[in-house]
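**Q** kindly generate the corresponding structure for this input.
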Amino acid sequence: QQIIGTDAILFYAVYTLQEFGVSSRDALVITLMMGILKLMTTVLSSVIVDNPKVGRRKPLMVGGFICLVGNLSVAVASIFSNGAGGLIFGALTFIAGFGLSYGPLCWLILAEMFAGPYRSKALSFGSVINRLTSFAVTASYISLANVMGFTGLYLLLAAFCAAALLFSFLYIPELVGERLGSRKASTTAVDNHYQRNFADEEGMGSIVGGSVEGSIVDGNGSIVDAEQPSIGSQCEDVITGSVAESIVDAEQPRIDH
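**A** Residues are numbered from 1 along each chain as shown. Take a look at the predicted model:
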């Protein structure tokens, strides 16, 4: 999400535009337009991604390609001393593509790919990597522009866009209609191991809010099969993400509380 240059392009938009002869007032107006365009495309993406005909992959692929076109447009425009128009077009194109794809869908897809016990860890790790990458790209933007020129810098960012687009095409599944953390959504060995602890797909409860409906939590907070024999008088039944106590018939196998 960040290695393609999003934060750096926004944060240094005024600086970049002024380098191509745009007045400070016009540069501020264009930067404001970029922010509004990002908001509009983010809202659009949020509205359409739950449509089964659209899903997650289509906006991700289309938006990723638009980001690539935007960075390439800036790279080409920066070759010319009077390329401010092309630069503005490229920057606005990139922001529109980002708002449609990587901006909102990064967090949505990450949250949907991992099963309950691993979702919080995955999101935390992803957030750390996201912020560190943002810092690295933003901190090095001006230095790279001085060394490589804007053409070289935006060609580098375009290469990262192409790599992100290829990764999305190869490894990001369509998640609409899938249970959270399902086998199709899972892309990690650890998550697959977690899923193998359950019965086949028809026998498993749906994952809601990070919990498994119809499964039982033991005294250590681990999810176990409801039919597994054990000793005890009560069990904690995970229903719609919250724990409710239910009394189990004394003749049936139970989970020790």
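**Q** same for the helix or strand hosting residue 61, what does it pack against?
**A** Using DSSP states H and E, residue 61 sits in helix 57-77. Applying 3 or more CB pairs under 8 Å, 6 or more residues apart in numbering; DSSP states H and E, we find helix 57-77 packed against helix 24-48, helix 84-100, helix 102-113, helix 116-171. Placement of C-beta: from N, CA and C, glycine included.
**Q** how about those helices, which one is nearest residue 62?
**A** Between residue 62 and these, the tightest spacing by CB to CB is seen for helix 84-100, at 6.7 Å.
**Q** give me the mean pLDDT for that closest one.
**A** The average of the pLDDT scores along helix 84-100 is 93.
**Q** just the angle for it relative to helix 116-171, thanks.
**A** Orientation of helix 84-100 against helix 116-171 (axes from the mean of the first three to the mean of the last three CA atoms, to 10 degrees) gives an angle of 140 degrees.
**Q** buried residues in helix 84-100?
**A** Burial within helix 84-100, assessed by neighbour count using 16 or more other CB atoms under 10 Å, is assigned to 84, 86-100.
**Q** for that helix, name the packing helices and strands.
**A** For helix 84-100, the elements it packs on are helix 6-11, helix 13-19, helix 24-48, helix 57-77, judged by 3+ CB pairs under 8 Å, 6+ apart.
**Q** ranking those helices by burial, who's on top?
**A** Mean neighbour count (mean count of other CB atoms under 10 Å) peaks for helix 57-77 among the helices and strands packed on helix 84-100, with a mean of 22.
**Q** kindly export that helix (C-alpha atoms) in PDB.
**A** Below are the C-alpha coordinates for helix 57-77, written out as PDB (Å, rounded to 0.1, in the frame of the first residue of the first chain):
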ATOM      1  CA  ARG A  57     -10.400  -8.300  -6.800                       C
ATOM      2  CA  LYS A  58     -11.900  -6.200  -9.600                       C
ATOM      3  CA  PRO A  59     -11.500  -2.800  -7.800                       C
ATOM      4  CA  LEU A  60      -8.100  -3.900  -6.600                       C
ATOM      5  CA  MET A  61      -6.900  -4.800 -10.100                       C
ATOM      6  CA  VAL A  62      -8.500  -1.800 -11.800                       C
ATOM      7  CA  GLY A  63      -7.300   0.600  -9.200                       C
ATOM      8  CA  GLY A  64      -3.900  -0.900  -9.100                       C
ATOM      9  CA  PHE A  65      -3.600  -0.500 -12.900                       C
ATOM     10  CA  ILE A  66      -4.800   3.200 -12.600                       C
ATOM     11  CA  CYS A  67      -2.000   3.800 -10.000                       C
ATOM     12  CA  LEU A  68       0.500   2.400 -12.400                       C
ATOM     13  CA  VAL A  69      -0.700   4.600 -15.300                       C
ATOM     14  CA  GLY A  70      -0.600   7.700 -12.900                       C
ATOM     15  CA  ASN A  71       3.000   7.100 -11.900                       C
ATOM     16  CA  LEU A  72       4.100   6.500 -15.500                       C
ATOM     17  CA  SER A  73       2.300   9.700 -16.600                       C
ATOM     18  CA  VAL A  74       4.200  11.700 -14.000                       C
ATOM     19  CA  ALA A  75       7.500  10.000 -15.000                       C
ATOM     20  CA  VAL A  76       6.900  10.900 -18.700                       C
ATOM     21  CA  ALA A  77       5.700  14.400 -17.900                       C
END
